[in-house]
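**Q** what's the 3D shape of this:
(chains A and B)
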Amino acid sequence: MMFPLKKQGKCGILNDTFFISIRQPADFMNKALFRKAFIISMPVLAGYLALGSAFGVLFSQLHISFFWAPFMSLTIYGGSMQICGVPMLQEHLPLLEILFLSIVINIRHIVYGLSLIEAFRGGGWRTLYLIFSLTDETYALLTTLKLPEGADRYKFMMTVSALNHLYWIVGGMIGAAAGSLLNFNAKGIEFSMTAIFVAILTDLVREKKNRIPAVVGGAATILARVLFSTKTMLPPAMLAVLVILLVIRGKLSKMFPEFMEKTS
Amino acid sequence: MSLSYLIPALLIMAAVMFSLRAFPFVLFGRGKKVSPMILYLGHVMAPAAVAMLVVYCLKDIDFSSPNHFLPELIAVAAISGVHFWKRNILLSVFGGTVLYMILVQRVFC
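**A** Sure thing, here's the model as predicted:
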């Protein structure tokens, strides 16, 4: 998502007036800022090269043009979405089902940005990029990040986020290239989608408050699997989960202390 | 794969991803009061959706033949065990997938 580069000139005016009397130090600061951002992003570097490669190897089994691997990492930029996207494309799922599955896969993001609303406000196009690139790992970095003295907040957050994005794209390309060179029996590779959600679920149910919603989601889907065909099971399951969660809201919301504080 | 399928499919994924990431910023961005209902649903839907996806991913298992459910069962147990212990997403996903591939290609075939 580098297209806003063209706009940079326009936004640059703002920055120039801000740094008008200290043009030299501002240039120096950009380098220092970049160096600091790079150091902060280092833990993600290793993780994204590795996880990105996993996506790339999976992607290579689609046997489509290499170009689409960086394209996906650039425009979608989500680990579970991309890793699940491969079997979805492979099985040629109808677009409507892809839409529906994508929503279910990413629904956990809808409360993600809540704690960063204040931090992101007022950054113009940089805010837009910061929202777009808010992955689990970037979220973890940005919520714990200490701003270097004198640094522009948006520029700094943006640099950290863009570096992470770059690692992700490069990781995917490495994996896609390696995967197309290796000749292996790919039978069963689609299980990576199951593996991701089993791992995420294992993390979630460590916390007591997540256990009842997880049981509701799992049980409703098993029931939908029994009552409907495998192709039509998701919408009724989703609806049932929504209704059940709303019905037990009174009891369940007591388990969310952070949520009670805000509403009381 | 035809481009007339691939391009819209990828654009849907990208659009959904961005829309859901932007959701809290658009809804609560300008100091609007956070709706308790949406906040509640956001919190409880996360674990419910992930559990839903686990079941959805396993929708094709077939209990009439051990070859069609044992590999899944063993791999799921191994992944949740290893992930509970090590908390390393890469190890769990990569290791779990390789284990499953070995099981379906060499053991239960």
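
**Q** shaky segments in the chain?
**A** Going with chain A. A:1-29, A:256-264 (pLDDT under 70).

**Q** please refer instead to chain B.
**A** The model of chain B has pLDDT under 70 over residues B:31-32.

**Q** that one: helices as residue ranges?
**A** When assigned using DSSP state H, the helices of chain B occupy the ranges B:3-28, B:36-57, B:70-86, B:89-102.

**Q** quick check: angle from the first one to helix B:36-57?
**A** Yep, that's helix B:3-28 we're talking about. For helix B:3-28 against helix B:36-57, the angle by axes from the mean of the first three to the mean of the last three Cα atoms, to 10 degrees is 150 degrees.

**Q** ok, the shortest one next?
**A** For helix B:89-102 and helix B:36-57, the angle between their directions (the same axes, to 10 degrees) works out to 30 degrees.

**Q** quick revisit: would you point to the one among the helices of chain B that's packed deepest?
**A** Of the helices of chain B, the one with the most neighbours on average (mean count of other Cβ atoms under 10 Å in any protein chain shown) is helix B:36-57, at a mean of 23. Yep, even glycine has a C-beta here, placed from its N, CA and C like the rest.

**Q** of the helices of chain B, which is nearest residue A:253?
**A** The stretch from the helices of chain B with the least distance to residue A:253 (Cβ to Cβ) is helix B:36-57; that distance is 5.5 Å.

**Q** helices or strands next to that closest one in the packing?
**A** For helix B:36-57, the packing partners by 3 or more Cβ pairs under 8 Å, 6 or more residues apart in numbering or on different chains; DSSP states H and E come out as helix A:95-106, helix A:191-204, helix A:211-227, helix A:234-247, helix A:249-252, helix A:257-263.

**Q** packing partners for the longest one?
**A** Of the remaining helices and strands, those touching helix A:211-227 by 3+ Cβ pairs under 8 Å, 6+ apart are helix A:234-247, helix B:36-57.

**Q** how about the first one?
**A** Other helices and strands packing on helix A:95-106, by 3+ Cβ pairs under 8 Å, 6+ apart, are helix A:79-90, helix A:234-247, helix B:3-28, helix B:36-57.

**Q** after that helix comes which helix or strand?
**A** Following helix A:95-106 in sequence order, the next helix or strand is helix A:117-120 (DSSP states H and E).

**Q** circling back: right, and the helices and strands packed on helix A:211-227 - which one's nearest residue A:163?
**A** helix B:36-57 (27.1 Å).

**Q** and that closest one with helix A:211-227, angle?
**A** Helix B:36-57 and helix A:211-227 meet at an angle of 50 degrees, taking the same axes, to 10 degrees as the criterion.

**Q** tell me the contacts of residue A:189?
**A** Contacts for residue A:189 (Cβ atoms under 8 Å, 6 or more residues apart in numbering or on different chains) come out as A:58, A:61, B:97, B:101.

**Q** for the residue lying closest to the second one once chain neighbours are set aside, helix, strand, or coil?
**A** Nearest residue to residue A:61 in three dimensions, chain neighbours excluded: residue A:186, at 4.7 Å (Cβ to Cβ, 6 or more residues apart in numbering or on different chains). For residue A:186, the assignment made with DSSP: H, G, I helix; E, B strand; the rest coil gives coil.

**Q** also residue A:183?
**A** coil.

**Q** before we move on, back to that, looking at the helices and strands packed on helix A:211-227, which is nearest to residue A:126?
**A** The nearest among the helices and strands packed on helix A:211-227, by Cβ to Cβ, is helix B:36-57 at 25.1 Å.

**Q** the closest one to helix B:70-86, inter-axis angle?
**A** Angle between the axes of helix B:36-57 and helix B:70-86 is 130 degrees (criterion: the same axes, to 10 degrees).

**Q** do you know how far the residue most central in space within chain B is from residue A:96?
**A** What sits nearest the mean C-alpha location of chain B, by Cα atoms, centre = their mean, is residue B:53, with 5.2 Å. From residue B:53 across to residue A:96, the span is 17 Å (Cβ to Cβ, to the nearest Å).

**Q** just checking the helix ranked longest in chain A against chain B, any contact.
**A** The residue-count maximum for a helix in chain A (DSSP H) belongs to helix A:23-60. Yes: under the criterion of Cβ under 8 Å from any Cβ of the partner chain, chain B is reached by helix A:23-60 at A:47, A:50, A:51, A:54.

**Q** can you tell me how far the third one is from residue A:168?
**A** Computed as Cβ to Cβ, the residue A:51 to residue A:168 distance reads 8 Å.

**Q** check the last one too.
**A** Shown here: residue A:54 relative to residue A:168, a distance of 11 Å by Cβ to Cβ.

**Q** likewise for residue A:140?
**A** 14 Å.

**Q** that older thread, just put the helices and strands packed on helix A:211-227 in JSON lines and tack on distance to residue A:36.
**A** Output for the helices and strands packed on helix A:211-227, formatted as JSON lines (distance: least, Cβ to Cβ, whole Å):
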{"stretch": "helix A:234-247", "distance to residue A:36": "43"}
{"stretch": "helix B:36-57", "distance to residue A:36": "32"}
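
**Q** which stretch among these comes nearest residue B:85?
**A** Each of the helices and strands packed on helix A:211-227 was scored for nearness to residue B:85 using Cβ to Cβ, and the closest is helix B:36-57 (18.7 Å).

**Q** and the helices and strands packed on helix B:36-57, which is most packed in?
**A** Comparing those by mean neighbour count (mean count of other Cβ under 10 Å), helix A:191-204 ranks first with a mean of 24.

**Q** C-alpha coordinates for it, PDB please?
**A** This file holds the C-alpha atoms of helix A:191-204, laid out as PDB (Å, rounded to 0.1, in the frame of the first residue of the first chain):
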ATOM      1  CA  PHE A 191      -4.300 -28.400   6.900                       C
ATOM      2  CA  SER A 192      -2.300 -25.300   7.700                       C
ATOM      3  CA  MET A 193      -5.600 -23.400   7.900                       C
ATOM      4  CA  THR A 194      -6.900 -25.800  10.600                       C
ATOM      5  CA  ALA A 195      -3.500 -25.600  12.400                       C
ATOM      6  CA  ILE A 196      -3.700 -21.800  12.600                       C
ATOM      7  CA  PHE A 197      -7.200 -21.700  14.200                       C
ATOM      8  CA  VAL A 198      -6.400 -24.600  16.600                       C
ATOM      9  CA  ALA A 199      -3.400 -22.600  17.800                       C
ATOM     10  CA  ILE A 200      -5.300 -19.300  18.100                       C
ATOM     11  CA  LEU A 201      -8.100 -21.100  19.900                       C
ATOM     12  CA  THR A 202      -5.600 -22.700  22.300                       C
ATOM     13  CA  ASP A 203      -4.400 -19.200  23.100                       C
ATOM     14  CA  LEU A 204      -7.800 -17.800  23.500                       C
END
